[in-house]
Each structure stands twice: as structure tokens, then as C-alpha cells.
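S.K.: A structural model of the following input is requested.
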Amino acid sequence: MLLTHEHKEIYRQVKTFVEKELNPNVPEWEKAGIWPAHEVLKKMGSLGLLGISKPEAYGGMGLDYSYEVVFAQALGNCICGSLPMGIGVQTDMATPALARFGSEELKKEYLAPAIAGDMVVSIAVSEAGAGSDVASIKTSARKEGGDYVISGSKMWITNGTQSDWACMLVNTGEGRVHENKSLIIVPMDAKGIDRKTKLDKLGMRASDTAMIFLDEVRVPQRNLVGKEGMGFMYQMLQFQEERLFGAASGIDGLTNLINETIDYTRQRQAFGQSIIDNQYVHFRMAELKTEVEALKALVYQATEEYVAGRDATMLASMAKLKVGRVGREVTDACLQFWGGQGYMWESSVAQFYRDLRLHSIGGGADEVMLGIISKRLGYGGKRKVG
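M.R.: Residues are numbered from 1 along each chain as shown. The predicted structure is shown next:
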């Protein structure tokens, strides 16, 4: 992927924002278990950073997705994982389908304010009994008058306690599970919504994550994104940007953690020499650096395919799988070399050990990525016995 001056300028601007506006506040927000999404996103919207690949007609920059990937990579310089995730929900997880398939009216009412940072958004797909198995969701909507009436629940919803609207996947009919679902924009102040429960997580502590209960929630039928019954397909397309964003956002964080570990092991003495002077340690650091560079190359290749309009499903799934696996490998290895100091809650390596574990779960578990990759290679899927 060829990086132009414009790519580099976006990277510089976002990294500067991270270092000045996010990192100094991370300890406070982590302790509080929530970040001030409206305040932060408004600042980013004012800088034009929330709609890099979105249409100019709604306040975006209208650039191709490679610029969004550079944006995600720069966000990875945050000293925690929760803020890039919360921001990524706004830019790459809850809004792509709306931008691509939504009506003009819907985009003016909901997409434009999200790009401006005037509204905070969530993506509401997962349920307690349907995480990676999206087809198994139970939340349903029936038509009544000019409304959809929605009942059910959603689980693990990022930004869920403070979002203004959610792009929600619901069942809008009977029949085949891949053809009876729709994406609907649901205002989060609608009567019948209960989202008071903020979940207590292992990592990503500064990101508020909610359980959402919907009891006969009325939403205008005009809030339907695209065509009824196409929601599963729209969400699968939306996942491509989510997975590329997640993989790209891991690159710089892992690189920084390795570099910080190298610096620490140069200073830390044991048995008469620096830890880094043990061949195993400096060889291991070389291996980890190589793995992150391989991740970066894979992300960039997948991005090239996506920007060219080719099917990037397999490469995006590989990148998603790779960032989770490499994230676990890097954080575990680095924590070991930090010793007891690395095991302290406030250490940077412990922070990423907790936060990056989510990469192998959220947005489709590793096993789901392996299933997608296998099918694309022609040997996955269910087989009849006998």
C-alpha cells in the first residue's frame, strides 16, 4: 500500500490528537470505567476525523478506505485499547452500512451528526445467546402502523450507556435466518429501552459496555437501512471494515510495547548483565518484531484489495485472526520479560495484556475467522455424514 503525503498527514494529525487529548486522560477514564464520548468525539469531528472515508455530502472527506486504515493505525498509539475501540465503533462499525445503503433522509438525520461528532453511536448485533453466531439473534421487530415495534435484548454493546443511536440487527420476518434480518437505526432515548447496566470487564475498562433491553420499542419504519431482509448481508459487509480497523489499530500499539520492553530489558539487570543481553531475549524480540511487521503487511494487502473493489473477505479475516494471535503472543512474552513489574495492574504491558485479549473474541472469534478462511480456501463448512 503506497502511502501518500495525505496518508502521512492524517497519521500525524491523529497521532498528535492521541498524545495530547487521549493519553493524558487514560488513567482517569480507566478508573472511572467510562470515557467522555461526546466530548472526545466532538473534538475529533471538528477536526474532520470521523468521516475520512464517508461521503463529502454528509461532512466526510470522501477518501478511499486506505486513509481510514492509516487513521486506525495512528489511533493504536493510545496507551490503552478501549479508546481506539470506542472511536472505531463510531467510524468503522456502526456507520458503514448506513453510509452505503441508507436513505438520503436517514443519512442526513443520523450519519451527518455522527461524522460531526454531535451524536455518539453504537453497533448492536450481539446477544447473550448469539455472539459470533449472528444468525441466531432473537431480537425481533414487527410492523404496526408506520412503526417497527422491537423487543429483545443486546449484549456487550460498546458506547452503549451513552450512545445517541444504535445500528441494530433484528429479525423482521420468518424464514431463512440469513434472509429475515434487517438493520434499523434505533434512537437510544426511545421509550422502552433500558441500558442502565454497564458491564464490568477484564480489559477495555475506559470503554463503557452495556446490556440493552428493548420492550415494545417503537421506531419509524423509515429508520430501516436499505432493504428489509438484507440486514445479515449488510452486517457481513460492515464486518469487513470493522475487522480491518481492528487489525490496523493493533499495529502501532504492539510495536510500541515491544520497543518499550526492549528499553526496559536494557535497563533491568539480572545475574550480572542486562536482560536484553540474553540471546533468548533479543532473539525473541526480533521474532515479535517480525510478527508485527507481517501483520502490517497483511493489513495493507487486505486494504488494497478492499479499495480496489475486490472481495477482501478472506484477507480481512486473516488480518483479524492475526492481530488477535499476535496480540496474545506479544503481550504474554513482553510481560514475562518485565517480570514482577509487568504483573502490576498499572504497568503498560499489563494494560495491553488485558485489553488486546478482546481481539480474539469481539467482531467474530478466532474460530469464526478460521471457518471463513477455510470456506474461502474450499475445504470448510459442514459436510454430510454417510
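S.K.: what's the neighbour count on residue 57?
M.R.: 12 (other CB atoms under 10 Å). For every residue, glycine as well, the C-beta is placed using N, CA and C.
S.K.: contacting residues around the spatially closest residue to it that is not a sequence neighbour?
M.R.: Nearest non-adjacent residue to residue 57, counting by CB to CB, 6 or more residues apart in numbering: residue 107, 8.0 Å away. For residue 107, the contact set (CB atoms under 8 Å, 6 or more residues apart in numbering) comprises 55, 57-58, 98-99.
S.K.: again with residue 314
M.R.: Residue 314 neighbours (CB under 8 Å, 6+ apart): 372-373, 376-377.
S.K.: how close does it sit to residue 222?
M.R.: 36 Å (CB to CB, to the nearest Å).
S.K.: What of residue 186?
M.R.: 13 Å.
S.K.: Restrict the contacts of residue 107 to the buried ones and give me that as a PyMOL selection.
M.R.: To isolate the buried members of the contacts of residue 107 in PyMOL, using 16 or more other CB atoms under 10 Å:
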select buried, resi 55+58+98+99
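S.K.: farthest pair in the contacts of residue 107?
M.R.: Longest distance between any two of the contacts of residue 107 is 13.2 Å, between 57 and 98; criterion CB to CB.
S.K.: residue ranges with poor pLDDT in the protein?
M.R.: Within the chain, the segments meeting pLDDT under 70 span 381-386.
S.K.: all helices of it, in order?
M.R.: 5-17, 26-32, 37-46, 65-75, 82-88, 96-101, 104-106, 112-116, 231-267, 279-307, 313-338, 348-355, 366-376 (DSSP state H).
S.K.: What is the distance between the fifth one and the centre of its chain?
M.R.: What separates the centre of helix 82-88 from the centre of its chain is 7 Å, taken as CA atoms, centre = their mean, to the nearest Å.
S.K.: burial of residue 202, as a residue count?
M.R.: Residue 202 has 10 nearby residues by other CB under 10 Å.
S.K.: What separation do you get for residue 345 and residue 337?
M.R.: From residue 345 to residue 337 the distance is 18 Å (CB to CB).
S.K.: which one of these two has more residues nearby?
M.R.: Remark: of residue 345 and residue 337, residue 337 carries more neighbours, 20 against 8, as counted by other CB under 10 Å.
S.K.: From residue 45, how far off is that one?
M.R.: For residue 337, the distance to residue 45 - CB to CB - is 40 Å.
S.K.: and what of residue 82?
M.R.: 19 Å.
S.K.: The two: which has the busier surroundings?
M.R.: The neighbour count for residue 82 versus residue 45, taken as other CB under 10 Å, is higher for residue 82 (27 against 20).
S.K.: wait, what's in contact with the more buried one?
M.R.: By CB under 8 Å, 6+ apart, the contact set of residue 82 is 29-30, 35, 203-207, 355.
S.K.: can we see that at 6 Å?
M.R.: The contact partners of residue 82, taken as CB atoms under 6 Å, 6 or more residues apart in numbering, are 204, 206-207.
S.K.: Would you mind measuring from it to residue 29?
M.R.: 8 Å.
S.K.: which residues are in contact with both of these two?
M.R.: Residues touching both residue 82 and residue 29 (CB under 6 Å, 6+ apart): residue 206.
S.K.: Which single one of the contacts of residue 107 is nearest to residue 259?
M.R.: residue 99 (36.0 Å).
S.K.: Grab the nearest non-local neighbour of that closest one.
M.R.: Leaving out its chain neighbours, the residue that sits closest to residue 99 by CB to CB, 6+ apart is residue 54, at 5.2 Å.
S.K.: what's around the one you found, how many residues?
M.R.: The burial count for residue 54: 25, using other CB under 10 Å.
S.K.: is it true that it touches residue 60?
M.R.: Yes: Residue 54 is in contact with residue 60 according to CB atoms under 6 Å; the separation is 2.9 Å.
S.K.: Give the residues shared as contacts by these two.
M.R.: residue 115.
S.K.: buried sites along stretch 316-334?
M.R.: 316-328, 330-331, 333-334.
S.K.: Return the distance of residue 187 relative to residue 88.
M.R.: Counting by CB to CB, the gap from residue 187 to residue 88 is 22 Å.
S.K.: Counting neighbours, go ahead and name the busier of the two.
M.R.: Taking other CB under 10 Å, residue 187 and residue 88 do not tie; residue 88 has more neighbours (24 against 18).
S.K.: Not counting sequence-adjacent ones, nearest residue to that one?
M.R.: residue 245 (4.8 Å).
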